[in-house]
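Participant: model this:
(one chain, ligands or ions: 2)
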Amino acid sequence: MKILAIESSCDETAAAVVEDGKTVLSNIIASQIEEHKKFGGVVPEIASRRHCENILDVVTQALDGADCTLDDIDAFAVTYAPGLIGALLVGTSFAKGLAMATGKPLVPVHHIAGHIAANYLTDGSLKPPYLCLVASGGHSHIIEVLDYTKYHVIGRTRDDAAGEAFDKAARVLGFPYPGGVHIDKAAQQGNDQAYTLPRPKITGSEFDFSFSGLKTAVINIVHNADQKGEQINKNDLAASFQKTVSEILVGRTIAAAHEYGYKTVALAGGVSANSSVRGLLESECKRNGFRLYMPTLDLCGDNAAMIGCQAYYDFLAGRRADESLNAVATLSLDDIAV
Ligand code: KG4
Ligand code: ZN
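Facilitator: Ligands and ions are numbered 1, 2, ... in the order given. This next block holds a predicted model:
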């Protein structure tokens, strides 16, 4: 079964053709990063306009790349939630048009479910149930993946997402948007013991996250040094920040795996490209005897192949949308069980 999937939840216009949730026949991404960089972050209005301009070309390239026409496609899939509403509406409307014009099924996919599914594309041996750490620009979650289409969120961020904290810390260090990858590179030249940064104390759920205090600590260190006319070592601060974020993410995930009885752990979302998060999760899983799955680097960030993969499982579970499908800016994975 060939699914043509569309993803437009943030600043990437993406389309892919995926066969049987396993084989990526094409995976096209038109990034808008260069344009948003000028503003230090994503400008929603610009993102929507660029999606409108790019989507036809991206979908055409995905079909051509897979050596397909619309006749060869069995179903369409689209990210309908969560994300920037104007951005989501472009992909959702385009996908509805394709489904209505061809009379073929439309499968609505949750963006985070897509990120998790990137792991099935990377390694076909992964099967639910397992525990997944999702860290992206908009989310930091620890999730029980109970089945291919059933989730239970056991930890979430109380304030900034991990990727957001990376981007804000990077900004104050003078790196361009999106800063996560620049922190990652700078950290490789730095001493991660140079700065002691705060670790949040969270009342309530021991598996929730909070990164705003840590982000503010980095901002204060930079501003205080500026005021005193002192130089800070950017590489050292990047390394110390990255180490602290990694330890918080990985520490809570390992604790949750023990608490909920999982021996299989997966990683997902844009921050899963981070070398320190990957390295620490790998060593901690090994130490605890857990099996670890991580997406290949090309599938960590936003892409439509992961949406096409998840759509296959959603399709098998009976999930369909009709012309009334609307985009949703905020929607918990807990609320979408098929
Ligand atoms: O999943 P994603 O592509 O978009 C959302 O769904 O939000 O995640 C983007 C986030 C950005 O905050 C970006 O800085 C971060 O992932 N990111 C990284 C790295 N690569 C991307 N953060 C840390 N280290 C990286 N190597
Ligand atoms: Zn994402």
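
Participant: who's in contact with the nearest residue to residue 188 once chain neighbours are set aside?
Facilitator: In space, and not counting its chain neighbours, residue 188 is closest to residue 275: 7.2 Å by CB to CB, 6 or more residues apart in numbering. For the C-beta atoms, the positions are set from N, CA and C on the backbone; glycine is no exception. The contact partners of residue 275, by CB atoms under 8 Å, 6 or more residues apart in numbering, come to 184, 187, 188.

Participant: what residues sit buried inside the host helix or strand of residue 60?
Facilitator: For residue 60, the enclosing helix or strand under DSSP states H and E is helix 44-65. For helix 44-65, a neighbour-count test (16 or more other CB atoms under 10 Å) marks 44, 46-52, 54-55, 58-59, 61-63, 65 as buried.

Participant: distance of the spatially most central residue of the chain from ligand 1?
Facilitator: Taking CA atoms, centre = their mean, the centroid of the chain lies closest to residue 269, which sits 2.7 Å from it. Separation of residue 269 from ligand 1 (CB to the nearest ligand atom, to the nearest Å): 5 Å.

Participant: likewise for residue 39?
Facilitator: In terms of CB to the nearest ligand atom, residue 39 sits 15 Å off from ligand 1.

Participant: what residues does the stretch 51-200 of the chain have near ligand 2?
Facilitator: Proximity of the stretch 51-200 of the chain to ligand 2 is confined to residue 136 under the rule CB under 5 Å from the ion.

Participant: and the residue of the stretch 51-200 of the chain closest to ligand 1?
Facilitator: residue 180 (2.2 Å; CB to the nearest ligand atom).

Participant: contacts only, for that residue.
Facilitator: Each residue near residue 180 by CB under 8 Å, 6+ apart is listed here: 163, 166, 167, 170, 270, 271, 273, 274.

Participant: so which of those sit within helices?
Facilitator: Mapping the contacts of residue 180 onto helices (DSSP state H) picks out 163, 166, 167, 170.

Participant: of these, closest to residue 265?
Facilitator: Nearest to residue 265 among these: residue 163, at 19.4 Å, using CB to CB.
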